[in-house]
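> build me a model:
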Amino acid sequence: MRILIYSYNYHPEPIGIAPLMTELAEGLAARGHQVRVVTAMPNYPDRSIHPDYRGRLYSTETRNGVTIQRCFVWVRPQAGLWGRLSLELSFMVLSLGPALAGWRPDVILNTSPSLLACLPVALVKRWFRCPSVLNVQDLLPAAAVKTGLLSNPWAIRAMQWLERFAYHQANRISVITSRFRDSVLQQGVPSQTVTTLPNWVDTHFICPQTQGTSRFRQRHGLQDKFVVLYAGNIAETQGISTAMGAAQALAAYPTIQLVIVGERRRLADLEHMRQHLGLTNVLLHPFVPRAELPDLVAAADVGLVLQKQQVVEFNMPSKIQLLLASGRPLVASVPGAGVAAQVVQASGGGLVVQPENPATLAAGIVQLYRDRALATRLACQGRRYAETHFSLERSLDQYEALFYALTTAQQPQAQPDSLVLCGTRRPTIPDT
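Residues are numbered from 1 along each chain as shown. This next block holds a predicted model:
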């Protein structure tokens with residue numbers, strides 16, 4: 001097939017949607033499909049276009065068999081509604097040219113956010129007369145409203161209109177949790193068009209490693225420490241201050257060290273908090289290159305997942321799959337009724353504690369610090385669950401099947417033998 005992926009986050013951005021779309025695109029290309037990606041100049045998470053891509057309106061490159069078409073986006077250093085809007089508006093307008101200039105796709109995969117990208121995708125879909133799949137990674141505008149990013153009634157209504165348009169113009173919708181599916185169905189979308197396909201992790205790239213081999217652990221003098229790692233986006237939904245409060249409660253355990261790896265701008269705020277609280281058991285470090293991620297995770301004894309209390313059903317941190325695959329136990333400070341808690345509990349790979357409560361987070365960490373046998377058991381269970389439910393190969397099979405189902409539906413009825421490709425029948429896709 002010829003597959004067009006529309007996503008403003010892509011390699012070399014190190015976290016979030018970018019690694020997921022990169023692995024999906026390159027995995028499909030490795031299976032013999034032609035794949036091109038329409039994306040933005042890399043800018044996340046520093047909120048500035050990477051030096052190698054500055055000063056250009058467009059660029060095209062090829063990486064691991066994937067054609068990458070990039071466009072300029074207007075990035076503002078401050079987070080917030082206007083910063084997000086300027087980014088999405090510029091991508092919406094400037095991405096249309098590269099999308100139309102390339103070869104005709106058999107199917108389009110559009111990942112959300114962004115919602116505004118559904119407008120050029122609808123035009124591209126109509127121009128090329130091909131089906132599209134909307135991949136829902138976050139529930140907007142619910143996330144923007146509940147985190148306080150969006151409060152203007154007119155803006156909320158506009159976002160809700162865009163949400164409904166995005167859902168109804170797609171031929172199929174893939175969501176990453178069953179709770180997301182329920183929310184999409186509430187928008188009047190036919191149930192047969194919504195498929196639950198969890199996010200994935202490359203379980204060959206992220207796999208259990210011994211701590212003694214971790215260069216990160218050695219560089220920072222952590223050999224004799226019990227390392228509690230938080231690595232990832234530091235946004236409104238996380239409530240990172242909970243971890244800082246837990247570090248204050250853990251001062252009585254001198255060998256427990258909290259390591260926070262994130263965006264430089266956010267780390268500056270945390271450094272002020274660290275100094276104000278007089279914490280000596282907190283290490284703040286900027287993001288490491290993607291290639292060094294396995295080494296970073298290998299430094300940890302425990303991985304942290306943090307969410308605020310109101311983040312119940314509109315956000316599913318991709319770091320959960322990563323930590324499970326790494327063979328590290330989790331302590332998840334997340335709402336008990338939320339999708340993140342459901343995944344952690346189903347995996348058997350970690351403890352779920354009350355969100356935004358430093359005392360309960362500290363208690364969960366101490367429990368694993370004292371009971372190493374429990375920590376080992378949780379780690380092993382989590383790794384097995386990741387291999388079974390979140391492997392990249394499984395997700396490639398599922399997306400390939402979804403695309404085949406759509407492209408076959410666009411063609412005249414084929415004879416049964418035409419369903420056999422290279423001696424292998426096309427994979428089937430679940431209804432939910």
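> CA atoms for contacts and neighbours, from now on please.
OK.
> in this protein, where is pLDDT below threshold?
Applying pLDDT under 70 to the chain flags the ranges 79-81, 142-151, 236-237, 311-314, 410-432.
> count of residues packed around R265?
Residues near R265, counting by other CA atoms under 10 Å, number 15.
> again, but for the one 10 residues further on
Counted by other CA under 10 Å, the residues lying close to Q275 total 10.
> which element, helix or strand, includes it?
Element membership for Q275 (DSSP states H and E) is helix 264-277.
> check what contacts stretch 188-196 and list those residues.
167-168, 171-178, 181, 184-185, 430-432 (CA atoms under 8 Å, 6 or more residues apart in numbering).
> mark which of those are buried, thanks.
Buried residues within the contacts of stretch 188-196, defined by neighbour count using 16 or more other CA atoms under 10 Å: 167-168, 171-178, 181, 184-185.
> and of those residues, the nearest to H50?
Nearest to H50 among those is I176, at 29.2 Å by CA to CA.
> contacting residues around T255?
Contacts here follow CA under 8 Å, 6+ apart; on that basis T255 touches D224, K225, F226.
> who's in contact with I256?
If you count contacts by CA under 8 Å, 6+ apart, then I256 has K225, F226, V227, V228, L250, N281 around it.
> quick check: beta-bridge partners of it?
Beta bridges link I256 to F226 when assigned by DSSP bridges.
> if we can go back for a sec, tell me which two of the contacts of stretch 188-196 sit farthest apart.
Top of the distance list for these (CA to CA): H168 and P430, 20.5 Å.
> restricted to strands, list the buried ones among the contacts of stretch 188-196.
R172, I173, S174, V175 (DSSP state E).
> buried set for the helix or strand hosting L374?
For L374, the host element (DSSP H and E) is helix 372-389. By neighbour count on 16+ other CA under 10 Å, the buried set for helix 372-389 is 375-387, 389.
> which other helices and strands does the helix or strand following it contact?
Of the helices and strands lying after helix 372-389 in sequence (DSSP H and E), the nearest is helix 392-409. In this structure, helix 392-409 packs against helix 17-30, strand 107-112, with contacts taken as 3 or more CA pairs under 8 Å, 6 or more residues apart in numbering; DSSP states H and E.
> sheet partners, orientation included, of the last one?
Strand 107-112 sits in its sheet next to strand 2-6 (parallel), strand 132-136 (parallel), going by DSSP bridges.
> ranking those by burial, who's on top?
The highest mean neighbour count among these, using mean count of other CA atoms under 10 Å, belongs to strand 132-136: a mean of 25.
> quick check: angle from it to helix 392-409?
150 degrees (axes from the mean of the first three to the mean of the last three CA atoms, to 10 degrees).
> then strand 132-136 to CSV, C-alphas only?
C-alpha atoms of strand 132-136 as CSV (Å, rounded to 0.1, in the frame of the first residue of the first chain):
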residue,chain,number,x,y,z
SER,A,132,-8.7,8.0,6.1
VAL,A,133,-8.1,6.8,9.7
LEU,A,134,-8.2,9.2,12.6
ASN,A,135,-5.9,8.1,15.4
VAL,A,136,-7.1,9.7,18.7
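> run the chain-centre distance for that strand.
15 Å (CA atoms, centre = their mean, to the nearest Å).
> so V343 is in which element?
Per DSSP H and E: helix 339-347 holds V343.
> contacts made by that helix with the rest, please.
Applying CA under 8 Å, 6+ apart, the contact partners of helix 339-347 are 177, 179, 312-313, 315-317, 320, 330, 332, 334-336, 350-352, 381-382, 385-386.
> of those residues, buried ones?
Buried members of the contacts of helix 339-347, scored by 16+ other CA under 10 Å, are 177, 179, 312-313, 315-317, 320, 330, 332, 334-336, 350-352, 381-382, 385-386.
> neighbours of R126, how many?
When counting by other CA under 10 Å, one arrives at 11 neighbours for R126.
> measure it to G212 for me?
Distance, R126 to G212, using CA to CA, to the nearest Å: 55 Å.
> just N43 next, same as before
According to CA to CA, N43 stands 34 Å off from G212.
> the two: which is more packed in?
Remark: of N43 and G212, N43 carries more neighbours, 21 against 11, as counted by other CA under 10 Å.
> surely that one and P51 touch.
No - taking contacts as CA atoms under 8 Å, N43 lies outside contact range of P51: 9.5 Å.
> take the contacts of I256 and write them to a markdown table, including distance to E13.
Output for these, formatted as a markdown table (distance: CA to CA, whole Å):
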| residue | distance to E13 |
| --- | --- |
| K225 | 30 |
| F226 | 29 |
| V227 | 26 |
| V228 | 24 |
| L250 | 33 |
| N281 | 29 |
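> nearest to G97, of the residues you listed?
Lowest distance from G97 to those (CA to CA) belongs to V228, with 45.9 Å.
> show me what the helix or strand encompassing that closest one is packed up against.
Using DSSP H and E, V228 sits within strand 226-231. Counting contacts by 3+ CA pairs under 8 Å, 6+ apart, strand 226-231 packs against strand 256-262, strand 302-306.
> give me whichever of the ones you listed is most buried.
Of those, strand 302-306 is the most buried (mean count of other CA under 10 Å), at a mean of 26.
> send me that strand as PDB with only the CA atoms.
Listed next in PDB are the C-alpha coordinates belonging to strand 302-306 (Å, rounded to 0.1, in the frame of the first residue of the first chain):
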ATOM      1  CA  VAL A 302      11.200   2.300  40.200                       C
ATOM      2  CA  GLY A 303       9.400   4.300  37.500                       C
ATOM      3  CA  LEU A 304       6.900   7.100  38.300                       C
ATOM      4  CA  VAL A 305       3.600   7.900  36.500                       C
ATOM      5  CA  LEU A 306       1.900  11.100  37.600                       C
END
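> quick one: contacts for L162?
By CA under 8 Å, 6+ apart, the contact set of L162 is L115, L116.
> doesn't it lie inside a helix?
Yes - if the criterion is DSSP: H, G, I helix; E, B strand; the rest coil, then L162 is within a helix.
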